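Novice: Here's a sequence, model it:
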Amino acid sequence: MAVLQATGGTTGTLKLAQLSHAALLANATQVSTWMACRYGQERVLTILPTFHVYGLTLGLICPVLTGSTMILVTRFDAPEVLELIRRYRPTLFPSCPPRAMR
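Specialist: Numbers count the residues shown, from 1 in each chain. Have a look, this model is predicted:
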């Protein structure tokens, strides 16, 4: 086991999902392939919290797997994010509506 991932599932009751190294690697490989990531050429703007499985996979594990540059943001601030986009020109920006993360 690699991670005990907190989840509310469909019930909203806290549970811990056991994620194996193999499952995390398989998921990151699938996502990277689906997004056609180019090894060592992507710049990923990581805004999603990495304690959430979506942020962990798309914001941390996939960029590491593909040798991508990570532009890490600790909290969403629109002017800062726009400046980072202007300055670093990310090629990938995984995100979601704010209510989806609650």
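Novice: which non-adjacent residue is nearest Val53?
Specialist: Gln5 (5.4 Å; CB to CB, 6 or more residues apart in numbering). For glycine as for every other residue, the C-beta is placed from the backbone atoms N, C-alpha and C.
Novice: How about the one helix or strand that neighbour maps to, which residues are buried there?
Specialist: Element membership for Gln5 (DSSP states H and E) is strand 3-7. For strand 3-7, burial by neighbour count (16 or more other CB atoms under 10 Å) applies to Val3.
Novice: In the sheet, which strands lie alongside that strand, parallel or antiparallel?
Specialist: Taking DSSP bridges as the criterion, strand 3-7 pairs within the sheet with strand 15-19 (antiparallel).
Novice: and the strand it pairs with, which residues are buried?
Specialist: Using 16+ other CB under 10 Å as the test for burial, strand 15-19 gives Leu19.
Novice: and the angle for the longest helix seen in the chain with strand 15-19?
Specialist: For the chain, the helix with the greatest residue count under DSSP state H is helix 21-34. Counting by axes from the mean of the first three to the mean of the last three CA atoms, to 10 degrees, helix 21-34 lies at 80 degrees to strand 15-19.
Novice: what sits up against helix 21-34?
Specialist: Helix 21-34 is contacted by residues 2-3, 57-58, 61-62, 65-66 when judged by CB atoms under 8 Å, 6 or more residues apart in numbering.
Novice: returning to what we had before: give the rounded mean pLDDT of the strand holding Gln5.
Specialist: Across strand 3-7, pLDDT averages out at 87.
Novice: Give me the contact list for that strand.
Specialist: In this structure, residues lying in contact with strand 3-7 by CB under 8 Å, 6+ apart are 14-19, 24, 51, 53, 56.
Novice: which stretches of this protein form helices?
Specialist: Under the criterion DSSP H, the chain carries helices at the ranges 21-34, 53-56, 62-65, 78-88.
Novice: What is the distance between the longest one and the centre of its chain?
Specialist: Offset of helix 21-34 from its chain centre (CA atoms, centre = their mean, to the nearest Å): 12 Å.
Novice: Let me see the contact set for the closest residue in space to Gly59 that isn't next to it in sequence.
Specialist: Nearest residue to Gly59, sequence neighbours excluded (CB to CB, 6+ apart): Thr46, at 3.6 Å. Listed by CB under 8 Å, 6+ apart, the contact set of Thr46 reads 55, 58-60, 63, 70-73, 94.
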